[in-house]
Structure formats: structure tokens, C-alpha cells
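> Next one to model:
(one chain, ligands or ions: 2)
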Amino acid sequence: MMMQPEVLVPEHTQPATLDNLLQETRTFPPPAQFAAQANATAVLYDQAASDREGFWADQARTHVTWKTPFSTTLDWSDAPVAKWFADGTLNAAYNAVDRHVLAGNGDRVAFFFEGEPGDTRTITYNDLQRETSRAANALAALGVTRGDRVVIYLPLIPEAVIAMLACARVGAIHSVVFGGFSAEALRSRIADAQATVVITADGGFRRGSASALKPAVDEALSGHGSSVEHVLVVRRTGQDTTMVEHRDLWWHDALADANTAHEPAWVDAEHPLFILYTSGTTGAPKGIVHTTGGYLTQTAFTHHHVFDLKPEQDVYWCTADIGWVTGHSYVVYGPLVNGATQVLYEGTPDTPHQGRWWEIVEKYGVSILYTAPTAIRTFMKWGEDIPSSYNLSSLRVLGSVGESINPEAWMWYRRVIGGDQAPIVDTWWQTETGAIMISPLPGVTAAKPGSAQIPLPGIRADVVNDFGEPVGPGAGGYLVLSEPWPAMLRGIWGDRQRFVDTYWSRFSGIYFAGDGAKRDDDGDIWLLGRVDDVMNISGHRLSTMEIESALVSHPDVAEAAVVGASDDTTGQAVVAFVILRGHATERIGEQGHEEVVAALRAHVAKEIGPIAKPRDILVVPELPKTRSGKIMRRLLRDVAEHRVVGDATTLADSSVMDLISAKLAMPGSRAPSTTKERSR
Ligand code: ATP
Ligand code: MG
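Ligands and ions are numbered 1, 2, ... in the order given. The predicted structure follows:
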């Protein structure tokens, strides 16, 4: 047997798991008036701490209506696949719609729909019950039954929500594929889920014109061996559409013949509700499986407390597409289970003008807005004059999700959109977690710009080092979830081993989220980006987030992405890609970036120290992002290391990488230096 030499590193020379660079000291306690009326009080933390499972059982009874009450709370015997409330039965669509009608709230508006061309529809809970029942009967007539998979490939129109709820009504498992994905992406998801029905539309409106969807479905189903038997087609744009005989059916025809009453299929709490593929920021998307009882409990609980929803008064707007998890949990299930009135907007923020969102906020009196940092930074880039010319005084809670929000973007969001009043909730969670896990509570927590702060009541999260030990105050490490939670994923569709390997192997028996984080001296958690993106500069392990935040804190910068590129001297070197704000671009012009680059390098050195100073800074017109708006740093790493750009199938706009490459080839701009020609 070969002996492995054992290398013992004395404790004090072990490198930090992640360096802590940025200090942020501003804090904003909730206004007294807000705290006085808030749904959530600090008592929740105590209740959850004294009896965690009992706490969740209470939430499940408070927020969800059960057909058969449950008697068991958590069963962890088949770990890492949890069972919550396993002997209870219920229906998700009944909870989202019917029970509000039965409670006498059928006339309440569920959705104010705003199409991109300006068409509008007002949909009450009564309407939603009638339409989901008809759609459920139409699906049943096509033979769809419990456990069957239905792929939904639609624009952000009311039929998307109705289709999801109709699946839930009959006990079928929906898998929503973002309407902007290609035929190939659609084909692979249909095949993985073995779906028998696809629900799509002729097309949708995007950036002022109608773009077709149905041809992508036809392409995805072409060739032999597709599992799909029927395609339901919503007429949205009215464009010419080829229908395949015996397979394709217009949605309006199928619904016209369908009964408006439908008895929901009562399912076990652990019956799968949906499969959703992750955003694909770090690699190939994973088919995440969520079930019914625990998922509804935690989405409704978090939606009620984190957004302080008052269903009779609030107008709530989550800007996410239903093609990603935020749309599932915080457009469809959480808000509808809570009986909310929502805005649903089909199009882009700049069609027909850059004030469209703020016009919508003013028009409907939106009081709760939930969006992504990428959108906030875009509005910063366009300039605050635009939102400032609308009346945004109805806004009382602001949310952020998807990426870390840079402190400067947070401050801008608070001041320009929130009128310096509205609490901001920075919500950390994942497709896998199903619901918000780490977030301030708006009437309780003194908010810190850029921090998701503390695990919600009933959630156990920690920041650990390479050995799985909790890090101390001021230190960085890996974010883990140390106890099962109700909305947790129940696996990766059809692949238990991949589930175990991906999430439960890094630290035995503990869920590893893939994100880096640090704790501050108060114990608050700050997300630092993906651990895959961590850079090793002369032995210092630096996260992307803090250097990006330092760059964004410069008045000329709207967005920044930072990657590590190999370097002969330092192992890796920091390479930054920045988008300038509108006023800076005007001042500097297309050429002459040298000056701003020098200023930015000095700025980073001043804000967080010379170690973090980027070796190269490239001014670019756009950054590569996923469909859900997250920066895909791995593609930039390929550019920075002069490699062929890797898998870009989940990229929102495939021309972006060409734009960046073209930019690098332009006279006057500089490609990232190779280590040989580097100047310091
Ligand atoms: P894939 O796993 O396929 O690479 P993805 O991780 O982008 O895709 P999602 O589940 O949509 O897919 O995103 C979850 C991730 O988004 C988190 O792991 C985290 O990196 C990031 N994230 C979400 N909310 C926040 C937040 N408030 N602060 C910081 N990061 C966040
Ligand atoms: Mg992920």
C-alpha cells in the first residue's frame, strides 16, 4: 500500500476561505409607522427558535387550506429527500383561487394585465376560477391526468398563469420553459421531462413587435420519438400560424367547449407540483422538482411577511417572468395563495420608452415592487430623471432578488424609487430552495445596503470554512443550509445521484448552496457571489461581488463584472468589464477610455485596497446575462483568458458576446493583456 504524505498546515497559516474586503456601515431602521402596522414582528424568530417544526406546522395551517389535515410535520428518514406534512392532502389551484372565491372575494382583482402594445385586461379571482376550471377540463379532455408532465412555453400573459394553475388543478406537473429560449433548449427540456402536452402561443410582443413562438415548438417536436401528443396554442399576436392536424389545437377552441366548473384533484402534500430548470448561470440547467404542501406553505408565509402584504389594499408587482423560479413563487403561488392583487406586464422596461415601468407604477398605484439588481442598475444607467418624473409615492416596500445588490444600487433604489422611506428587502434564495430563505423583515430589521442579513424564522443557514466549521465575525466562507425547510427541492428530475452529488457532498449531510458569503460583526450575512467565480490573487481568495460593488460605487459606472484570469506573477489577476452610466458615456465619448480606466483602478485601490486593483478594465456596451438577468461571468472569463467562449445557450441576447469581442477589436480599446505584455 502506498503511503500518502500528510501535509499538516498549522491553523494560523491556513488561508482565509474568502477574504473580506468591503466595509459597509450605513443602516436604515424601519420607520416607526411601518413597524407599527407590519405583518411580521420579532416574536416570529422566538417562536421558530423554540420549536422549529411546530412553527412550520402552524404556518402550514395558517396560510394553506387542507382537504385532509396533516398529522406529521417533517419526515427526514429518506434524506436528502424530505417529506413535509406528508399525510395531508390539498390542491394548489384551490388554494390559489377557489378558496378566495368561497370566502366572498371573487370580485377582487387578481391581475391587472398590461400588454406591451398597451392592451389591458383586468382579471378577478372569479375570472381566474372560471378560466382555470375550463383549462383544467380542456387538459383532462386531452387525456392529461395526475403526474403527467405539461410543458408551458408562453409569453408573460395571463394564460401562462392560467395554464400553470390548470395543471395543478388536474394534478399534472408543469414545467415552464422561458418563452425566449430556443427550439433546442425546449426540445431538451421536453425530452427530459417526457412531457405529453405543450401549451404555447402563436407569438408574443417584445420590443415593439410581434415575435413568433409556435415555430420553435414545431421545430422542437420535429423528427421521431417526441413524447408530445398535443399542443395547445394561445392566440396572442394573431400572426399566421401553422397548425399540425390531430396534434395542435387552439386554446380558445379547446376552452370554448369546456365546462366552467371543475373539481380539483386532491393530491398528497408530497405530490410534485412542478419541474423547473435552473437559470444556467454556472453550467447546464438542472430539472429541479418541487412538491405541493411544503412549497405552498413557505411561499405564502414568506410572501406575507417579507413583503408585508395587505391583500385588501396593496397592489403588488413582481417583474419576474414566469419562466424562472421567482415567477413561480412570487407571481403565481405565493401571491395568489395570499389573495393578492398584482400587476402583470408582458414587455420590456424600455418599450415604447424608458419610463414604462414607472408609468405602470403610477397608473396602478403599485405599493410593493419586487425586481432584480440588473434592472435597478439599468435604470441607474438611464438616469434618475426618468423615474423622478412619475409619481411613485404609492410604493411602500421594495424587494430585490437574483444577484447581490451592490450597496450603491441599493442606495439609489431606496432614494430614487423608494422616496427614502420604503424598506428594501434583499431576498436570497434559489430555484432549489423554492422560497425566500435569507432576508430582512421590513418592519423588524434595520436594513444594511447590500446585505441579505438573516435567515428567516424557521430557516437555518450558516457560513462555513473549508472544513465545514462556522466562520467568525468578519470572515468569509461557503453558504450552507443546515436544516431541511418546507419548500426545499425534492430532487433533480429522474436523477437522485446527481441531486446528492450536486448539493449534499461538499459537506456531508448539509446542503451547500454554491454561493460564497461573509458574516459581519453583527452576524449579518452578505452574499459574495458564486464560489465558482472566486479568484485567487497572490494567495488571497477574493469574491467578485465586493470588487464589482467598489466599481459601481464610482459615479461613472452603471454595471460591472469581475473575473479572474490566469497571471504568471499572481496566479490570477482581476479583469473587470464595466458599463458606464449615460452621463459618463456622453462626457467621455466612444474613445478615450484610458482616463476613466485609470480613475477606476485608483478608485478600487482606495475603496478596498491594492490587492483588488483590476489588472485590466474594459469598457463594454453590455454584459452577458442569463434570461433572468444574471451576469454570466464564466463567459467573460473565457474572453479574459483568450479562449473560445463556452456554452452560451442560456444567454439572454446572443449578440452580446459579439458586441464585446467587436469592442475589443476596435482601435483605441485594449484586449485584456496577456501576462507577458502586462503593464502595472
Ligand atoms: P444554475 O444553478 O443553473 O447555474 P442559477 O444559480 O443562476 O443557475 P437560480 O436558481 O435562478 O439559478 O439563481 C439562484 C442564485 O442566484 C443563487 O444561488 C445566488 O447565486 C443568486 N442570488 C439570488 N438571490 C440573491 C441575493 N439576494 N443576493 C445574492 N445572490 C442572489
Ligand atoms: Mg444555481
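
> Show me which helix runs longest in this protein.
Looking across the chain with DSSP state H, the single longest helix is helix 125-141.

> tell me which strands and helices the helix or strand just after it is in contact with?
Using DSSP states H and E, the helix or strand that follows helix 125-141 towards the C-terminus is strand 149-153. For strand 149-153, the packing partners by 3 or more C-beta pairs under 8 Å, 6 or more residues apart in numbering; DSSP states H and E come out as helix 158-170, strand 173-176, helix 183-193, strand 197-201. C-beta: built from backbone N, CA, C; applies to glycine.

> the inter-axis angle of strand 149-153 versus helix 183-193?
160 degrees (axes from the mean of the first three to the mean of the last three C-alpha atoms, to 10 degrees).

> what is the orientation angle of strand 149-153 with strand 197-201?
Here strand 149-153 runs at an angle of 10 degrees relative to strand 197-201 (the same axes, to 10 degrees).

> where's residue 365 relative to ligand 1, distance?
Taking C-beta to the nearest ligand atom, to the nearest Å as the measure, residue 365 falls 26 Å from ligand 1.

> Oops, could you answer that again for residue 168 instead?
Plainly put, residue 168 is 21 Å away from ligand 1 if you go by C-beta to the nearest ligand atom.

> Likewise for residue 544?
Distance from residue 544 to ligand 1, by C-beta to the nearest ligand atom: 11 Å.

> Counting neighbours, what do you get for that residue?
25 (other C-beta atoms under 10 Å).

> try residue 336
When neighbours are counted by other C-beta under 10 Å, residue 336 comes out with 27.

> Same question for it, what's its three-state structure.
helix (DSSP: H, G, I helix; E, B strand; the rest coil).

> And the residue nearest to it when sequence neighbours are not counted, its phi and psi?
Nearest residue to residue 336, sequence neighbours excluded (C-beta to C-beta, 6 or more residues apart in numbering): residue 96, at 3.7 Å. Backbone torsions for residue 96, taken as degrees, to the nearest 10, come to phi -80, psi -30.

> what's the model's confidence in the helix or strand encompassing residue 369, averaged?
Residue 369 is located in strand 368-371, with elements delineated by DSSP H and E. Strand 368-371 shows a mean pLDDT of 98.

> Ok, stretch 250-263 next?
97.

> Keeping just the C-alphas, turn it into PDB.
C-alpha atoms of stretch 250-263 as PDB (Å, rounded to 0.1, in the frame of the first residue of the first chain):
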ATOM      1  CA  TRP A 250     -56.300  26.500 -30.500                       C
ATOM      2  CA  TRP A 251     -56.500  27.300 -26.700                       C
ATOM      3  CA  HIS A 252     -59.700  29.300 -27.300                       C
ATOM      4  CA  ASP A 253     -61.400  26.500 -29.100                       C
ATOM      5  CA  ALA A 254     -60.500  23.900 -26.500                       C
ATOM      6  CA  LEU A 255     -61.700  26.200 -23.700                       C
ATOM      7  CA  ALA A 256     -64.900  27.300 -25.600                       C
ATOM      8  CA  ASP A 257     -66.300  23.800 -25.300                       C
ATOM      9  CA  ALA A 258     -65.100  23.200 -21.700                       C
ATOM     10  CA  ASN A 259     -67.200  23.200 -18.600                       C
ATOM     11  CA  THR A 260     -66.600  26.200 -16.300                       C
ATOM     12  CA  ALA A 261     -66.800  24.000 -13.200                       C
ATOM     13  CA  HIS A 262     -64.100  21.600 -12.300                       C
ATOM     14  CA  GLU A 263     -63.500  19.600  -9.100                       C
END
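
> Report the secondary structure state of residue 327.
For residue 327, the assignment made with three-state DSSP gives helix.

> Ok, the one 3 residues further on next?
Reduced to three states with three-state DSSP, the structure at residue 330 is helix.

> shouldn't it be in contact with residue 370?
Yes: the pair residue 330 and residue 370 passes the contact test of C-beta atoms under 8 Å, sitting 6.0 Å apart.

> Can you check which residues contact both of the two?
Common neighbours of residue 330 and residue 370, using C-beta atoms under 8 Å, 6 or more residues apart in numbering, are 318, 320.

> Please list the residues outside stretch 274-288 that contact it.
149, 164, 167, 173-177, 189, 192-193, 289-290, 324-325, 328, 430-432, 489, 492-495, 498, 502, 514, 530, 532, 626-628, 630-632, 634, 647, 649-650.
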